[in-house]
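Student: give me a model of this one.
(one chain, ligands or ions: 1)
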Amino acid sequence: MIAVPTGRQGFPCDDVIVRSRKTVVRRKRMADAADEYAWRSDEELARFDASNPTRVPFPDYQRNWSFDMRFTDTAGRSFAVEDENGQHIGNIMYYNIDTLRQEAELGITIGDQQFWGQGYGSEAVRLLVEHLLARMGFQRIHLKTLTWNRRAQRCFEKAGFVECGQTERGGNMFILMELLQDWLPTPVDGGP
Ligand SMILES: CC(C)(COP(=O)(O)OP(=O)(O)OC[C@H]1O[C@@H](n2cnc3c(N)ncnc32)[C@H](O)[C@@H]1OP(=O)(O)O)[C@@H](O)C(=O)NCCC(=O)NCCS
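Tutor: Take a look at the predicted model:
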């Protein structure tokens, strides 16, 4: 008899949102909270976001994380990134959703530095953006990144984003980038 997995902590087993040969974007699982806590506590990673590292104890972080996943819309907007071996290497999410303009902001962290510069970030961004534009009906995806964060800018350029302005927040300068619906490749057969 084949044992059908029922999922952990109420999270579905069939949890892949989009995938390519080497990168998977999937729904989050309870076990992801520990990795996220390590990344959110990391001072260097926080610097790339112009944010402060979290200082709350892990049990409190985990309790809030679990609440958000179960009772808010976070689970539908915030996903885990895995490499080709199923290792959880980062997170990707969309937020600041403008339903009228059909726009959303995108954010990503590849938390484990040993995976930087190998194409996982741009691949995950490209996969999620295609999903949002082609299947979810968004017209524009935008993001901001610190002017000195050249790796992130190159990652977003590779995924199709173009610079569309600059802004200042909290004494930091950010480059604004966007990707529009008409960026989607035309289907070979002429498509629907
Ligand atoms: C930014 C981030 C998501 C990119 O993911 P990644 O997997 O490292 O990105 P990719 O490998 O797909 O692309 C990175 C590109 O930047 C290039 N790059 C790396 N360092 C660079 C630098 N100092 N200057 C210019 N380009 C650089 C890489 O060579 C690569 O380009 P290439 O493939 O043309 O050679 C990831 O590095 C990360 O999470 N960094 C820390 C947190 C962060 O910056 N988050 C984004 C906040 S907006």
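Student: and the closest residue to the ligand within the chain, how many neighbours?
Tutor: Using C-beta to the nearest ligand atom, the closest approach of the chain to the ligand is made by G121 at 1.9 Å. (C-beta placed from N, C-alpha, C; glycine too.) Counted with other C-beta atoms under 10 Å, the neighbours of G121 add up to 26.
Student: kindly report the same for F71.
Tutor: By the measure other C-beta under 10 Å, the count of residues near F71 is 9.
Student: same question for S51.
Tutor: By the other C-beta under 10 Å criterion, the neighbourhood of S51 contains 11 residues.
Student: shouldn't it be within a helix?
Tutor: No: membership of S51 in a helix is not supported by DSSP: H, G, I helix; E, B strand; the rest coil, which gives coil.
Student: quick one: which helix or strand includes the spatially most central residue of the chain?
Tutor: The central residue of the chain, meaning the one whose C-alpha is nearest the mean C-alpha position (C-alpha atoms, centre = their mean), is I92 at 1.1 Å. Counting by DSSP states H and E, the element that carries I92 is strand 88-98.
Student: what about the helices in the chain?
Tutor: With DSSP state H, the ranges of helices along the chain come out as 32-40, 43-48, 58-71, 120-130, 150-158.
Student: in CSV: the ones you listed, plus mean pLDDT and distance to D182.
Tutor: Formatted as CSV, the entries for the helices of the chain read as follows, by pLDDT from 0 to 100; distance: least, C-beta to C-beta, whole Å:
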stretch, mean pLDDT, distance to D182
helix 32-40, 98, 34
helix 43-48, 97, 30
helix 58-71, 96, 34
helix 120-130, 98, 13
helix 150-158, 98, 17
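Student: any idea which of those helices is most buried?
Tutor: Mean neighbour counts were compared across these using mean count of other C-beta atoms under 10 Å; the top stretch is helix 120-130, at a mean of 23.
Student: show me what that one is packed up against.
Tutor: Using 3 or more C-beta pairs under 8 Å, 6 or more residues apart in numbering; DSSP states H and E as the contact criterion, the elements in contact with helix 120-130 are strand 16-19, strand 24-26, strand 78-82, strand 88-98, strand 103-110, helix 150-158.
Student: let's have the ones you listed in CSV, adding distance to the ligand.
Tutor: Conversion of the helices and strands packed on helix 120-130 to CSV gives the following (distance: least, C-beta to the nearest ligand atom, whole Å):
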stretch, distance to the ligand
strand 16-19, 16
strand 24-26, 13
strand 78-82, 9
strand 88-98, 6
strand 103-110, 4
helix 150-158, 3
